[in-house]
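>>> Test case, fold it:
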Amino acid sequence: MDRSTTVQADATLTDPETGAPLLDGVPRQRGGSGTAPVHRATTAPAPDATAEPDTTGAPAAPRARARLRAVRPWRLFPTPTGTPFTFGYAAVLVVTSVIADHADPSVVHALHQGSSTDVAHLVQNPVLVLIASALWIAGGITSPYAIGFLLVLTALERRIGGLRTAGIFLLGHVVATLATEVPVGLSVLAGHLPDSSLHRLDYGISFGVATSVGALAGLLSPWLRWPVLTGFGAMLVGDLLTFADPMTDWGHLMSLAIGISTWPLVRRWRAVRGASRTVRTAGREAGHGAAAPCLGTTAP
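Here you go, the predicted model:
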């Protein structure tokens, strides 16, 4: 009898699932297998800090805002903060255009002549005239190249930055100018052109704008890139066929080709600029995210 009573007592003091000893019907807290069922039943799994949050349906609002920003019409034009190079350069061109429209014609002619990148001036003071010639708009502020300047350089600067846009513009302006004026000088030396060709009036922003068009086309989507290149190229070829100013018209075509040749470079610049912008945005978001728990947990 004593043996059976002992066996029955032992049976009632043992957890039938885990075999853990019971004390008043509750498993002893010994940290072994007997505590596992309680831990599994009462403790929720810790969240994974590295797991991506559930964003089902969440990105719709940011995408909508991005599309809304992309179609804002005022982004087509330069602003002091968004495109400082284009904005500042446009302001200078407005001033010189007002001078050209309202100053005495003899004064305007003297200014244009002094800024001309003809062979004689390039030999005497190349740096000064290359800069000065890009401060005037041939045809005035309402010319197609003036409008193209605003739209094209604004779009290019928003994608690659101000300094790089200035470099692309200057590259086309300098290279196309030298490519058209050096043959004139050689032809004069060879006796194929008169000496007056050394003082041929040449100024304006058209070479830089044409180069910027070619560079920007490489950053556009294909459905927009090829119509832009086709339309602009057809306009340049049409100007060349009229034979009104063949040297300048050849310079425009060369400028467009120079811009197209920069596609690998401008695409790399855009990728670097986009990566830098992403890092800055992530840093700001991380800073805000780190500050929020501190505000919630700091004791008064």
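
>>> From the contact counts, what lies against the strand or helix carrying A100?
For A100, the enclosing helix or strand under DSSP states H and E is helix 84-102. Taking 3 or more CB pairs under 8 Å, 6 or more residues apart in numbering; DSSP states H and E as the contact definition, the neighbouring helices and strands of helix 84-102 are helix 105-115, helix 144-160, helix 162-190. Using the backbone N, CA and C atoms, a C-beta is placed for each residue, glycine as well.

>>> Skipping adjacent residues, who's closest to A146 in space?
I137 (5.0 Å; CB to CB, 6 or more residues apart in numbering).

>>> one step back: F243 is nearest to which of the helices and strands packed on helix 84-102?
Across these, the minimum distance to F243, taken as CB to CB, is reached by helix 162-190, at 15.1 Å.

>>> Contacts made by the helix or strand following that closest one with the rest, please.
The helix or strand immediately downstream of helix 162-190 is helix 206-217, counting by DSSP H and E. Outside of helix 206-217, the residues within contact range by CB atoms under 8 Å, 6 or more residues apart in numbering are 134, 138, 145, 148-149, 152-153, 155-156, 159, 165, 168-173, 176-177, 225, 228-229, 232, 236, 248, 251-252, 255-263, 266.

>>> pLDDT on helix 206-217, on average?
For helix 206-217, the mean per-residue pLDDT is 98.

>>> Centroid-nearest residue for the chain?
Against the mean C-alpha coordinate of the chain, by CA atoms, centre = their mean, the closest residue is R159 at 1.8 Å.

>>> where are the low-confidence patches of the protein?
Counting by pLDDT under 70, the chain contains low-confidence ranges at 1-72, 74, 285, 287-300.

>>> circling back to that earlier point, when you filter the contacts of helix 206-217 down to buried only, what's left?
Applying 16 or more other CB atoms under 10 Å to the contacts of helix 206-217, the neighbour count classes 134, 138, 145, 148-149, 152-153, 155-156, 159, 165, 168-173, 176-177, 229, 232, 236, 248, 251-252, 255-256, 258-260, 262, 266 as buried.

>>> Give me the phi and psi angles of F243.
The phi and psi torsions at F243 (degrees, to the nearest 10) take the values phi 60, psi 30.

>>> which residues touch it?
Counting by CB under 8 Å, 6+ apart, F243 touches no other residue.

>>> how close does it sit to G231?
The gap separating F243 from G231 is 21 Å, by CB to CB, to the nearest Å.

>>> Also P246?
Taking CB to CB as the measure, P246 falls 21 Å from G231.

>>> between these two, who's got more neighbours?
Counted by other CB atoms under 10 Å, P246 and G231 do not tie: P246 has more neighbours, with 13 against 10.

>>> excluding its backbone neighbours, what's nearest that one?
What sits nearest to P246 in space, not counting adjacent residues and going by CB to CB, 6+ apart, is L240, at 6.6 Å.

>>> Just list the residues touching that neighbour, thanks.
Here L240 is in contact with 246, 249-250, 252-253 (CB under 8 Å, 6+ apart).

>>> what about R200, how many residues close to it?
The local packing count at R200 equals 18, with neighbours defined by other CB under 10 Å.

>>> Just give the closest residue to it, not the sequence neighbours.
Counting by CB to CB, 6+ apart, R200 lies nearest to D118, which is 4.9 Å off, once chain neighbours are set aside.

>>> Please identify which helix or strand holds the residue nearest to A146.
Using DSSP H and E, I137 sits within no helix or strand.

>>> so it makes contact with S143?
Yes - counting by CB atoms under 8 Å, S143 is a contact partner of I137 at 6.0 Å.

>>> These two: which is more packed in?
For the pair I137 and S143, the greater number of neighbours falls to I137 (22 against 16), based on other CB under 10 Å.
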